[in-house]
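Undergrad: just coords:
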């Protein structure tokens, strides 16, 4: 008993030096975030890919991990591996690419010139997910720099095409199945909610992203000819309205047929969750959610509803003032969020069949990309590890969400490693939008929580 | 009889010197077109207005006309006046502004660096309507330079905001009613048809241009939130579909209630017209007109159908690749073409009432502009003057259209001067679109026809 207490005391001292290191080196760690976010690594535009991959590999090299840059048909994947002779292995999945920063004029500071204001680090990629990656690198670094044994083996997989649907990650994983195997994994992102409570996500929705295009004329016409010429914009608008009803329900035949209801355990988990409805409403400046949803119905939509969302429409004249033109072409970008068991390949066929059936043979699916949803069970022991570490660092229970409403290529990892997604963002981080940012405080504690998770994994 | 023939002979000689002058100075006249089209006089962006007005005034000053630059609340109006002691007065209405040139990348040569290729002059404004203005200036110049008496008094009114709906022309005309009075007027534009036959337009449709805007969120959201947040793009699309049926018929209550059927004389005039259906189809790369219209039904749509046309839609991400975003805002530009007797002020109220009634109180009419249609009767004697002059120069009958499907502020002139619209464009001129151009030959003969009209007016 006395010996046990002594061991615990020593262990606490050891972890104290790791945590102190992270306290003492916060500013240097933030400099790494800023350095990485200076790259405009927009995968959609194939920008700064090679340069960013190089910096990411350099950060992992510096830790002394065995790093490899894997060429793919697209952006390279970087892996890093450290065998600490431990019983268990922890895998980190991150990405070094970011969403486009448009519209630039809505940023208060340039998206790729990160700056700190009022306790927040602003810049594209700070929250999604370069800030997370750096926090994980520093958690490992803190053990190494304090000569503390790392109680788990470490693996990193960092890809560069997450924001365009990870088109080449499948190819990488097929070739590196052994590497992907681990006892537990930390997925790329996570945040605190509107009340400052940390959140863990055990799954991700799937995604089907399509670009619809209609071309009715060989070139733009003077709009006086609208009395006799067909309208590409109106064809597109008509097709878009055919895809979903005004209430948001998707009208494509068979779209919902593979959707499964949430399990009893999932229902139990979500019954404990406070979605902070009023704070979400305030944040987005709305008076009510779609269809006036609230409470458990809102949660059902949040955790288990597929969506059909217009990400963008382009046609005709879009500048100031008026131009009287009948545009020859029109196009729309649409993302469908999918829940567990929905197959994007099947749904793209159903989308095409829907368009054909409703007379929209002239509406072309110019390109599409997608992947299915995936989830880690709410009762997996690693979930409890994360919970313990969170209590230690944040002093409160982390909220366990059965899935996040967002998407990612989690399904590729599903059979090799159970994943939990947590991170350094917060409710006001504006992922994918102008003025993306993270709280310095969350970044700080996020590094420490990651170190605590590594420590907790040895007792699992 | 012999004396009469002699007089006719002398008159022919006199006109021969005028016509020879225009033949001999074609290249110098073209240089004036190019000089004027180098200005990017985009009224929608208030570009190059002062500079272009200055050049226009200079060209008229050089003729020795009494010119005045009238300041308005927007772009200045330039007038020019030459009292030749003649019985009749001919008024020219032109504009020195142009449509925006976007999308720039579809131009084979820069829109504001005019160039001649294969017998055509390319550049924004060549056909609409800087080329016409120059052709009229040169018709007057040919009389003056050959010391030939001009058989009519001459008036020019040249405004700089036609392409944005002439918002300040009303104010100018109110102050200058006497100046606007004339026996006949030549409206700004005209063209030869797909078969090379010249066309005269006796009227213009009215216009109601509106910008619809929807804002549902205070800022863009990650599209994973589409499961619970309202969609501005879908609200806009829904509202747009509510405005017209897929067949093009406008669904706004009362929109057609002031539309009158064509008169018997109009019907007689249009029965003679060949709309060159196959050539229009070829030009726009289509297999059929809207709703499969042809023959007399197509003509009814062309001459007497109001339209609801989407000129542009802007929302969300519009670059290459994918961005998963739920846009906070969406907007659309719509033009309604109106026929005689429809009142744009009344229709904007009906549009607002429609949106309200169908639950689109959140769809804002951010701004609007417009004016009614106007027409000169098909049996006005000036129409025959134009017909004669056309036969002399082109050797064929000009097609008399009761109205053009396009719009302009003709209604402001309606009570002061009967107008006929003819010009130097042709079927392939691409007004308002990329690669706008005119045929050198049409510009050349257009100058000569205008001189012939002045000559014919003395016998009317």
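TA: Received, thanks. All figures in this text were calculated on a predicted structure; none of them were measured in a lab.

Undergrad: can you list the weak-confidence ranges in chain A?
TA: Counting by pLDDT under 70, chain A contains low-confidence ranges at A:1-11.

Undergrad: Select the longest strand from it.
TA: In chain A, taking DSSP state E as the definition, the longest strand is strand A:203-215.

Undergrad: Does chain B have contacts with it?
TA: Yes. Shown here: strand A:203-215 in contact with chain B (C-beta under 8 Å from any C-beta of the partner chain) through A:205, A:207, A:209, A:211. Every C-beta, even on glycine, is put in place using the N, C-alpha and C of the backbone.

Undergrad: Could I get these in JSON lines, plus columns for distance to residue A:147 and neighbour count?
TA: What follows is the residues of strand A:203-215 next to chain B, written out as JSON lines (distance: C-beta to C-beta, whole Å; neighbours: other C-beta atoms under 10 Å in any protein chain shown):
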{"residue": "A:205", "distance to residue A:147": "43", "neighbour count": "29"}
{"residue": "A:207", "distance to residue A:147": "44", "neighbour count": "25"}
{"residue": "A:209", "distance to residue A:147": "47", "neighbour count": "24"}
{"residue": "A:211", "distance to residue A:147": "53", "neighbour count": "20"}
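
Undergrad: from those residues, which is closest to chain B?
TA: Ranking the residues of strand A:203-215 next to chain B by separation from chain B, with C-beta to the nearest C-beta as the measure, puts residue A:209 on top at 4.7 Å.

Undergrad: Can you tell me how far that closest one is from residue B:23?
TA: 62 Å (C-beta to C-beta, to the nearest Å).

Undergrad: same thing with residue A:238?
TA: Taking C-beta to C-beta as the measure, residue A:238 falls 53 Å from residue B:23.

Undergrad: got it, and residue A:448?
TA: Using C-beta to C-beta, one obtains 89 Å as the distance from residue A:448 to residue B:23.

Undergrad: Mind checking which of these two has more residues around it?
TA: In this view residue A:448 and residue B:23 are compared by other C-beta atoms under 10 Å in any protein chain shown, and residue A:448 has more residues nearby, 23 against 11.

Undergrad: Might you enumerate the residues of the stretch 351-460 of chain A proximal to chain B?
TA: Going by C-beta under 8 Å from any C-beta, the residues of the stretch 351-460 of chain A near chain B are A:369, A:404-407, A:430-435.

Undergrad: For the residue in the stretch 351-460 of chain A that chain B sits nearest to, pull up the helix or strand it's in.
TA: At 3.6 Å from chain B, residue A:406 is the closest residue in the stretch 351-460 of chain A, using C-beta to the nearest C-beta. Element membership of residue A:406 [criterion: DSSP states H and E] is strand A:404-407.

Undergrad: and that strand, which strands flank it?
TA: strand A:203-215 (parallel) (DSSP bridges).

Undergrad: After the partner strand, heading C-terminal, what element do we hit next?
TA: In the C-terminal direction, the helix or strand that comes right after strand A:203-215 (DSSP H and E) is strand A:221-222.

Undergrad: is chain B contacted by that following strand?
TA: Yes. For a cut-off given as C-beta under 8 Å from any C-beta, strand A:221-222 has contacts with chain B, namely A:221-222.

Undergrad: where do the strands sit along the stretch 201-350 of chain A?
TA: A:203-215, A:221-222, A:307-316, A:325-326, A:329-338 (DSSP state E, counting those that start in this stretch).

Undergrad: which residues touch the fourth one?
TA: Strand A:325-326 has contacts (C-beta atoms under 8 Å, 6 or more residues apart in numbering or on different chains) with A:217, A:220-223, A:225-226, A:229, A:231, A:316-317, B:99, B:309, B:311-312, B:432-433.

Undergrad: Repeat that for the second one.
TA: With contact meaning C-beta under 8 Å, 6+ apart, strand A:221-222 is reached by A:229, A:324-326, A:328, B:284, B:406, B:431-433.

Undergrad: Same list, those residues, but as CSV with neighbour count and distance to residue B:62 please.
TA: Converted to CSV, the contacts of strand A:221-222 look like this (neighbours: other C-beta atoms under 10 Å in any protein chain shown; distance: C-beta to C-beta, whole Å):
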residue, neighbour count, distance to residue B:62
A:229, 23, 41
A:324, 24, 33
A:325, 27, 35
A:326, 29, 39
A:328, 23, 41
B:284, 20, 40
B:406, 20, 31
B:431, 23, 28
B:432, 27, 30
B:433, 22, 32
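
Undergrad: Is it possible to get TSV of those that adds distance to residue B:252?
TA: Rendered in TSV, the data for these read as follows (distance: C-beta to C-beta, whole Å):
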residue	distance to residue B:252
A:229	21
A:324	19
A:325	22
A:326	19
A:328	26
B:284	27
B:406	21
B:431	28
B:432	25
B:433	28
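
Undergrad: Keep only those of those that are in helices.
TA: Among these, the subset assigned to helices under DSSP state H consists of residue B:284.

Undergrad: Can you tell me which of the contacts of strand A:221-222 is closest to residue A:259?
TA: residue A:328 (38.5 Å; C-beta to C-beta).

Undergrad: returning to what we had before: so which of the strands of the stretch 201-350 of chain A is the most packed in?
TA: Taking mean count of other C-beta atoms under 10 Å in any protein chain shown as the contact definition, the stretch among these with the greatest mean neighbour count is strand A:325-326, which reaches a mean of 28.
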